[in-house]
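>>> here is the input, now give the coordinates:
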Amino acid sequence: MKRLFLPMVTAILLISGIVLGPYSAYPDESIKNVDLKSKRSGGSKMETSYKALFHLDLDDEDRFMMALGNIKNLFKEVAAKQCEINVVANGKAVKFFRKDSLPVYARTIEELHNLGVHFKMCRNALANNHMTQVDLLDCCETVAAGILEIIDLQRIGFAYIKP
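Alright, predicted model coming up:
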């Protein structure tokens, strides 16, 4: 019996470490952040937060519409309140966020903003495109530098998406 004691204890500790390891290693993140009943797994309770950064920098209507469509599709699968979505526009893409943009753009942007999406415009890109905050839709905010905003958001765990 004494010969079996040490191997049994070792096995129990190994199994405990495998089963409990992910939860005990991160006490602040405990099981409350594990998505056991999300829409994707068939349940009704969603506890995982999805963080995404959509980067727009080109004067390309297809990419712009794809980004908005991607966000809408995400919200079909995951409740908007479970997501943190930022759209960062720099370069020529800031033009899509003008107050005088096509009504369909403005309406879609406003709808997404009302669901919690943040639209952040690069101040440098605005200047290069002869625009100011006054030219933008009311839901848009200006950041000092789009590239810095992208770096900061990725640093805190936002997934980078470039449509």
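
>>> what pairs with the residue positioned nearest the centre of the chain across the strands?
Taking C-alpha atoms, centre = their mean, the centroid of the chain lies closest to Ala52, which sits 1.7 Å from it. Beta-bridge pairing for Ala52 (DSSP bridges): Ile85, Ala159.

>>> for this structure, which segments are assigned as strands?
Along the chain, the stretches classed as strands by DSSP state E are 50-56, 83-89, 118-122, 140-143, 159-161.

>>> mind listing what's buried along the last one?
When you say that, I think you mean strand 159-161. Ile161 (16 or more other C-beta atoms under 10 Å). Just so you know, the C-beta spots here come from the backbone N, C-alpha and C atoms, and that holds for glycine as well.

>>> so what sits opposite Phe119 in the bridge?
Counting by DSSP bridges, the residues bridging with Phe119 are Val87, Cys140.

>>> contact partners for it?
Residues counted as contacts of Phe119 (C-beta atoms under 8 Å, 6 or more residues apart in numbering) are 86-87, 89, 97, 109, 112-113, 137, 139-141.

>>> neighbour-wise, which one of these leads?
Note: the member of these with the most neighbours is Ala89, at 28 neighbours, neighbours being other C-beta atoms under 10 Å.
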